[in-house]
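[1] got a sequence here, can you model it:
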Amino acid sequence: MGGVHACTRCSFFDLSMALVNYDGKILNAAEPLLNIENRSFRYGDGLFESMRVIEGEVVMLERHIARLEKGLQVLKMSNGPAHDSGFWKEQILTLCEQNACSDNGRIRLTVFRKGGGYYVPEEDGFCYLIEADLNTTLFSDKEAEGLAIGVFNEIKKPINELGRVKTANSLIYVLAGIARVQHKMDDMIILNQEGRVAEAISSNIFVVKNGEVSTPSLDEGCVAGVTREWLIEKMKDEGIFVKETRLSIDNLYSADEVFVSNAIQGVRKVSKADDVEFLSELVEELFKFKPELD
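    Numbering: from 1, shown residues only. Got it, this is the predicted structure:
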């Protein structure tokens, strides 16, 4: 079959990255990469992890690979023993060095099922693609402006095992992103099928009320965020009360503080949700947590 040609209009990566790692081969990012039978392209039959590199180390790599392996199990893809965290670290850092982003890099690791087939796959193994680009943001930037967020009501996120991992099917986030632009917001809250708060477009969400922190539990349909997991552990170590629970829209609007977390930006404070404004007292304490390097 013929290849799908990359172009500046439709490419899913920044062509300025120069090089990518496709199944262990270092290739020019502007070159055609994907066969038209690619199952991620056709069916969203894949997973991805967004990671960060700081000073030659991958932030929370072990946690990312643990979530990736869980996702492979959910999608019933086989994973050989060679694809451990040591393997991925070597592949990521080699590409970062070649793309001159070892000090501060943004990584996207995508895995997708091998072979063709229609809804029934022909194989259960996977191929992978690693992208590495220079990242200009700081992890948990205390000086970053607070976010203004809205609520995405058009489509609700189902509560199931797929919701916890980062699949290649991200349409609900794409549509929420379009709504974010239309409503001139910095982010949007994704609601689950019961109408409760699940997460933001690319982040997990936390609310603070009377000094206690709450975040949607994994049973509420949110992605099992790597930074979410790390942050909950760090807060508990500091004696901050944290509970994983159900959050309604009313819980969000009545909060004293709101903040979000993800693998690229770390902790980010939220200044307001629609017309409700929030403080940022407890969240200021969270910026001191140093990222976990592997």
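
[2] all strands for the stretch 101-250 of the chain, in order.
    104-113, 126-134, 147-157, 187-192, 197-200, 204-209, 212-216, 242-245 (DSSP state E, counting those that start in this stretch).

[3] comparing those, which comes out most buried?
    strand 197-200 (a mean of 26; mean count of other Cβ atoms under 10 Å). Placement of C-beta: from N, CA and C, glycine included.

[4] what packs against it?
    Judged by 3 or more Cβ pairs under 8 Å, 6 or more residues apart in numbering; DSSP states H and E, strand 197-200 is in contact with strand 147-157, strand 187-192, strand 212-216, helix 249-253.

[5] nearest to residue 236, of the strands of the stretch 101-250 of the chain?
    In terms of Cβ to Cβ, the element of the strands of the stretch 101-250 of the chain nearest to residue 236 is strand 242-245, at 5.8 Å.

[6] what about residue 48, how many residues nearby?
    21 (other Cβ atoms under 10 Å).

[7] can you pull up the bridge partners for it?
    Counting by DSSP bridges, residue 48 is bridged to residue 110.

[8] pretty sure it contacts residue 173?
    No. Residue 48 is beyond contact range of residue 173, at 11.8 Å (criterion: Cβ atoms under 8 Å).

[9] rewinding a little: possible to save the helices and strands packed on strand 197-200 as a markdown table with distance to residue 237 and mean pLDDT?
    What follows is the helices and strands packed on strand 197-200, written out as a markdown table (distance: least, Cβ to Cβ, whole Å; pLDDT from 0 to 100):
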| stretch | distance to residue 237 | mean pLDDT |
| --- | --- | --- |
| strand 147-157 | 26 | 98 |
| strand 187-192 | 27 | 98 |
| strand 212-216 | 13 | 98 |
| helix 249-253 | 25 | 98 |
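
[10] out of these, which comes closest to residue 128?
    Nearest to residue 128, of those and by Cβ to Cβ, is strand 147-157 at 26.2 Å.

[11] pull the residues that contact the closest one.
    Outside of strand 147-157, the residues within contact range by Cβ atoms under 8 Å, 6 or more residues apart in numbering are 163, 172, 175-176, 179-180, 183, 185-195, 198-200, 221, 249, 258, 260, 268-274.

[12] again, only this time at 7 Å
    163, 172, 175-176, 179, 183, 185-193, 195, 198, 200, 221, 249, 260, 268, 270-274 (Cβ atoms under 7 Å, 6 or more residues apart in numbering).

[13] distance check, the nearest residue to residue 166 once chain neighbours are set aside against residue 209.
    With Cβ to Cβ, 6 or more residues apart in numbering as the criterion, residue 166 has its nearest non-adjacent residue at 5.3 Å, and that residue is residue 48. Computed with Cβ to Cβ, to the nearest Å, the distance linking residue 48 and residue 209 is 34 Å.

[14] distance to residue 60 added to the strands of the stretch 101-250 of the chain, as a markdown table?
    Formatted as a markdown table, those follow (distance: least, Cβ to Cβ, whole Å):
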| stretch | distance to residue 60 |
| --- | --- |
| strand 104-113 | 11 |
| strand 126-134 | 16 |
| strand 147-157 | 22 |
| strand 187-192 | 21 |
| strand 197-200 | 18 |
| strand 204-209 | 14 |
| strand 212-216 | 17 |
| strand 242-245 | 18 |
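
[15] these: which one's closest to residue 227?
    Across those, residue 227 has its closest neighbour in strand 204-209 (7.3 Å, Cβ to Cβ).

[16] which other helices and strands does that closest one contact?
    Counting contacts by 3 or more Cβ pairs under 7 Å, 6 or more residues apart in numbering; DSSP states H and E, strand 204-209 packs against strand 212-216, strand 257-262.

[17] mind listing the helices for the stretch 1-150 of the chain?
    Taking DSSP state H, counting those that start in this stretch as the test, the helices found in the stretch 1-150 of the chain are 39-43, 61-74, 85-98.

[18] of all these, which one is nearest residue 290?
    helix 61-74 (15.0 Å).

[19] thank you, goodbye.
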